[in-house]
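Colleague: Provide a 3D model corresponding to the input given below.
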Amino acid sequence: MAYNLTSAPTHLSHDPHLFFCNSLTSPQRPPKTLNFPLKTHPKTSLFIPQVSIQEPSIHTSNPQLSPNPDEKSSPSSSSSTKSYIWVNPRSSRASKLRKNSYDFRYTSLLKVSQSLDSCNPVEDDVFSILVNLGSKVVEQDAAVLLNNMSNPEIAPLVLKYFQERVKLNKEVILYNVTLKVFRKCKDLDKCEKLFTDMIERGVKPDNVTFSTLISCARLSSLPEKAVEWFEKMPAFGCEPDDVTYAVMIDAYGKAGNVDMALSLYDRARTEKWRIDAVTFATLVKIYGTAGNFDGCLNVYEEMKALEIRPNLVVYNSLLDAMGRAKRPWQAKNIYRDMINNGFEPSWGTYAALLRAYAKARYGEDAVSVYREMKQKGLELSVVLYNTLLSMSADVGFIDEAVEIFEEMKGSESCKPDSWTYSSMITIFSCSGKVLEAESTLNEMLEAGFEPNIYVLTSLIQCYGKANRIDDVVRTFDRMLDLGITPDERFCGCLLNVMTQAPTEELNKLTRCIEKANAKLGHVVKLLVDGGSTEGDIFRKEAGELFHDIGADVRKAYCNCLIDLCIKIDLLEKACELLDLGLTLEIYTDIQSRTPTQWSLHLKSLSLGAALTALHVWMNDLSKALESGEELPSLLGINTGHGKHKYSEKGLAGVFELHLKELNSPFHEAPDKVGWFLTTKIAATSWLESRSSREVVAA
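Modeller: The predicted model follows:
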């Protein structure tokens with residue numbers, strides 16, 4: 001066997017682990033281990049250097065322990081400083097020489113470190129342990145002891161002991177390893193206090209001092225402090241290296257200095273700095289917050305190109321960004337990559353996926369994620385439950401919503417809040433389930449929540465579907481009693497109920513609308529009273545209404561008013577409203593013309609508005625023929641192919657029946673769902689016969 005008597009902890013002042021809090025290692029500076037166990041080689045010789053561990057020459061002959069830790073020696077010069085003699089391992093001297101090796105000394109120092117960590121933070125107790133080291137303690141012993149300690153109350157006392165008793169050549173090393181103890185405990189306050197003591201003592205900090213302070217700030221989730229310490233480096237003559245710069249991308253990003261973070265990132269790409277996965281995660285968040293979602297994906301692709309394995313934080317950040325970007329398909333791809341790379345999804349992963357799918361209305365995928373979470377015993381937060389229920393309301397997932405709601409009520413960690421009840425009442429109301437909506441409202445009241453305007457809007461919609469107009473009026477009065485002011489969406493809901501209500505009940509609803517919005521009530525009353533207004537009075541009043549209301553409700557109001565006109569046989573007023581809507585650009589791109597096809601686009605219109613637009617378009621086609629204008633070879637009506645989320649009906653189905661009633665030549669295209677097409681010849685013949693019938697009828 002052989003014992004290397006000069007083995008010792010190396011590069012204590014430049015140990016990468018004193019700095020890296022996220023395993024960020026530089027290719028030019030590989031991490032060095034601090035422990036050097038005895039190595040046993042059976043039937044080999046024992047070589048012993050002819051230099052004592054306590055001789056000063058060890059600090060100059062060994063480049064790893066030289067006064068300047070940055071000095072490097074060539075292999076030849078390094079080997080020439082070491083001389084060995086052969087000792088028979090069977091010799092009686094072997095045991096004695098083993099005890100004189102620094103491996104043995106190092107092991108004993110580790111035990112002392114453990115004793116110090118567990119003793120009372122009193123100077124007498126600490127010093128009584130250290131005095132057992134003897135009088136021949138060297139600077140390296142102090143560094144080893146402190147480097148292996150973890151008690152922040154004891155470390156300063158140990159430092160004080162050695163400062164008073166040992167001649168220190170590189171006192172900064174002892175300060176650095178003491179700072180490391182504080183960093184282990186994420187105690188930045190003690191780090192900063194020790195730094196002040198260091199300066200007052202006249203010890204010049206080095207790069208490791210600052211890197212330890214920076215990494216402590218990062219570990220303590222104090223990026224602003226990391227930036228503060230980084231920016232102090234030049235004042236002390238310290239030049240950051242590439243590794244420090246790379247780490248500061250993360251710190252500047254988290255501190256909110258995005259410009260500096262991205263500037264460093266650009267420099268990192270140019271100079272090929274090694275960036276860790278945590279910093280890449282911060283970059284993803286920076287781009288995501290700025291709405292640059294392609295930038296997020298570029299960072300991810302760059303990680304792949306650099307063969308840097310993303311961690312779970314990177315994946316979760318990417319999933320969150322794709323959710324906010326409404327790109328669920330890319331969220332799926334990223335999740336697939338994550339699973340293929342051997343990562344187990346965390347609660348945060350599922351939460352990001354669920355939000356991404358719910359926001360994009362990927363109902364089946366969102367419910368699938370929810371069920372997988374439940375299978376794994378992961379509890380959802382109230383926010384996630386509400387996200388699911390809100391999505392279910394939007395896509396018409398009634399049964400799924402009921403299942404989720406019941407499981408939420410049975411959860412021990414979270415209970416329904418007012419938003420939960422509001423979503424469920426909306427779901428039941430949209431599907432016309434009056435009893436279920438009323439039952440949920442009662443549950444809400446029993447849970448101590450007062451209905452808000454959203455709940456009452458949903459209830460009015462529900463009663464309207466069931467033609468329970470008295471209940472609509474009662475709910476409206478209840479809202480006023482609660483001191484809730486009707487908003488534009490609420491008034492829109494009342495207007496929508498009018499389009500479904502029996503004609504004899506319209507006056508009840510008109511009075512409610514007049515109380516909620518006087519200008520809207522006036523326009524509605526003009527229609528309900530028969531629309532017998534002279535000149536442009538109606539158009540003027542309707543125009544003022546559209547000018548005063550928000551842009552987000554103008555189309556809904558115009559659709560409902562046209563529907564109301566169709567309901568009470570006021571086609572002329574419906575056409576007037578449609579024209580006003582086109583003039584004010586409430587409706588756009590309803591018609592399109594190319595040399596080969598003229599089309600009518602109805603996808604964004606209500607049924608009444610669509611029928612009105614069809615009537616106007618047919619009149620326009622007839623006028624075109626009368627004026628001698630040539631029709632194109634193809635004419636088409638695009639209704640879209642979607643169905644209402646709470647009904648099997650869609651505009652296409654209703655229009656198919658209407659076109660048959662008109663005996664029109666338009667037929668559903670087999671290869672273009674939602675399109676009704678006809679040829680120039682068929683359209684011309686039909687329009688001419690239609691004009692003839694109108695002339696005869698006149």
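Colleague: pLDDT weak spots in this protein?
Modeller: For the chain, applying pLDDT under 70 flags the ranges 1-104, 531-535, 642-649, 692-698.
Colleague: Would you mind finding the longest helix in it?
Modeller: helix 607-626 (DSSP state H).
Colleague: Only the buried residues of that helix, if you could.
Modeller: 607-618, 621, 625 (16 or more other Cβ atoms under 10 Å). All C-beta spots, glycine's among them, are computed from the backbone N, C-alpha and C.
Colleague: Could you do stretch 358-365 as well?
Modeller: So for stretch 358-365, counting by 16+ other Cβ under 10 Å, buried means 358, 359, 360, 362, 363, 365.
Colleague: Of those, just say which sits nearest to residue 220.
Modeller: Closest approach to residue 220 among the buried residues of stretch 358-365 (Cβ to Cβ): residue 359, at 33.4 Å.
Colleague: continuing past the longest helix of the chain, what's the next helix or strand?
Modeller: Beyond helix 607-626 on the C-terminal side, the first helix or strand identified by DSSP states H and E is strand 634-638.
Colleague: Tell me which helix or strand comes right after that next one.
Modeller: Toward the C-terminus from strand 634-638 - assigned by DSSP H and E - lies helix 651-661.
Colleague: from the middle of its chain, how far away would the host helix or strand of residue 196 be?
Modeller: If you go by DSSP H and E, residue 196 is part of helix 188-200. Put simply, helix 188-200 sits 38 Å off its chain's centre (Cα atoms, centre = their mean, to the nearest Å).
Colleague: And stretch 312-320, by the same measure?
Modeller: 8 Å.
Colleague: Show me what the helix holding residue 196 is packed against.
Modeller: helix 171-184, helix 207-219 (3 or more Cβ pairs under 8 Å, 6 or more residues apart in numbering; DSSP states H and E).
Colleague: Of all those, which one is nearest residue 581?
Modeller: Judging these by Cβ to Cβ, what sits closest to residue 581 is helix 207-219, at 57.4 Å.
Colleague: Report all helices and strands that whatever helix or strand comes next after the closest one contacts.
Modeller: Downstream of helix 207-219, the next assigned helix or strand under DSSP H and E is helix 223-230. Packed against helix 223-230 by the contact rule (3+ Cβ pairs under 8 Å, 6+ apart) you find helix 207-219, helix 242-255.
Colleague: Mind checking the ones you listed for the one nearest to residue 337?
Modeller: Short answer: helix 242-255, nearest of these by Cβ to Cβ, at 22.3 Å.
Colleague: Which residues does stretch 157-177 contact?
Modeller: By Cβ atoms under 8 Å, 6 or more residues apart in numbering, the residues outside stretch 157-177 that reach it are 12-13, 18, 59, 67, 69, 116, 121, 123, 126-127, 130, 137-139, 142-143, 145-147, 149, 178, 194, 198, 201, 203-206, 208-209, 212.
Colleague: To clarify, my last question referred to stretch 385-400.
Modeller: Applying Cβ under 8 Å, 6+ apart, the set of residues contacting stretch 385-400 from outside is 354-355, 357-359, 361, 363, 366-367, 370, 380, 401, 404-405, 408, 414, 416-417, 419-420, 423-424, 426-428, 430-431, 433, 645-646.
Colleague: need the strands for the protein, in chain order.
Modeller: According to DSSP state E, the chain carries its strands in the segments 46-49, 84-87, 591-593, 597-601, 634-638, 667-668, 675-679.
Colleague: Can you redo these as a markdown table, where the extra columns are distance to residue 294 and mean neighbour count?
Modeller: Listed next are these as a markdown table, based on distance: least, Cβ to Cβ, whole Å; neighbours: other Cβ atoms under 10 Å:
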| stretch | distance to residue 294 | mean neighbour count |
| --- | --- | --- |
| strand 46-49 | 60 | 19 |
| strand 84-87 | 62 | 13 |
| strand 591-593 | 31 | 11 |
| strand 597-601 | 31 | 19 |
| strand 634-638 | 32 | 20 |
| strand 667-668 | 39 | 16 |
| strand 675-679 | 34 | 19 |
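Colleague: would you turn those strands into a markdown table with distance to residue 530?
Modeller: Below are these laid out as a markdown table (distance: least, Cβ to Cβ, whole Å):
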| stretch | distance to residue 530 |
| --- | --- |
| strand 46-49 | 114 |
| strand 84-87 | 116 |
| strand 591-593 | 31 |
| strand 597-601 | 30 |
| strand 634-638 | 32 |
| strand 667-668 | 38 |
| strand 675-679 | 34 |
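Colleague: Now the most centrally placed residue in the chain: closest residue in space that isn't a chain neighbour?
Modeller: Residue closest to the mean C-alpha point of the chain, counted by Cα atoms, centre = their mean, is residue 320 at 2.9 Å. Leaving aside its chain neighbours, residue 320 sits nearest to residue 352 (4.5 Å; criterion: Cβ to Cβ, 6 or more residues apart in numbering).
Colleague: what number of residues lie near that neighbour?
Modeller: Residue 352 is flanked by 26 other residues according to other Cβ atoms under 10 Å.
Colleague: which residues touch it?
Modeller: Counting by Cβ under 8 Å, 6+ apart, residue 352 touches 316, 319, 320, 323, 331.
Colleague: if we can go back for a sec, do I have it right that the residue nearest to the centre of the chain meets residue 288?
Modeller: Yes: using Cβ atoms under 8 Å, residue 320 is in contact with residue 288, at 6.7 Å.
Colleague: coming back round to it: as JSON lines, the helices and strands packed on helix 223-230 with mean neighbour count and distance to residue 340 would be great.
Modeller: JSON lines is the format used below for these (neighbours: other Cβ atoms under 10 Å; distance: least, Cβ to Cβ, whole Å):
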{"stretch": "helix 207-219", "mean neighbour count": "25", "distance to residue 340": "30"}
{"stretch": "helix 242-255", "mean neighbour count": "23", "distance to residue 340": "26"}
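Colleague: nearest to residue 549, of those?
Modeller: Among those, helix 242-255 comes nearest to residue 549, with 42.6 Å by Cβ to Cβ.
Colleague: What angle do helix 207-219 and the closest one make with each other?
Modeller: Orientation of helix 242-255 against helix 207-219 (axes from the mean of the first three to the mean of the last three Cα atoms, to 10 degrees) gives an angle of 30 degrees.
Colleague: that older thread, can you say which of the contacts of stretch 157-177 are buried?
Modeller: Buried, going by 16+ other Cβ under 10 Å: 12-13, 18, 59, 69, 116, 126, 130, 137-139, 142-143, 145-147, 149, 178, 194, 198, 203, 205-206, 208-209, 212, out of the contacts of stretch 157-177.
Colleague: quick one, helices of the stretch 201-350 of the chain?
Modeller: 207-219, 223-230, 242-255, 258-271, 277-289, 293-305, 312-324, 328-340, 347-359 (DSSP state H, counting those that start in this stretch).
Colleague: export these to TSV and tack on distance to residue 576?
Modeller: Shown next, in TSV, are the helices of the stretch 201-350 of the chain (distance: least, Cβ to Cβ, whole Å):
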stretch	distance to residue 576
helix 207-219	67
helix 223-230	61
helix 242-255	57
helix 258-271	53
helix 277-289	48
helix 293-305	44
helix 312-324	43
helix 328-340	43
helix 347-359	39
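Colleague: Go through the helices and strands packed on helix 223-230 and name the closest to residue 552.
Modeller: With respect to residue 552, and counting by Cβ to Cβ, the nearest of those is helix 242-255 at 35.0 Å.
Colleague: Tell me the helices and strands packed up against the closest one.
Modeller: helix 207-219, helix 223-230, helix 258-271, helix 277-289.
Colleague: How much space separates the residue nearest to the centre of the chain from residue 570?
Modeller: 51 Å (Cβ to Cβ, to the nearest Å).
Colleague: Show the backbone phi and psi for the nearest residue to residue 242 once chain neighbours are set aside.
Modeller: Counting by Cβ to Cβ, 6+ apart, residue 242 lies nearest to residue 273, which is 4.6 Å off, once chain neighbours are set aside. When read as degrees, to the nearest 10, the backbone of residue 273 gives phi -70, psi 150.
Colleague: So what's the residue count around residue 273?
Modeller: By other Cβ under 10 Å, the residues close to residue 273 number 21.
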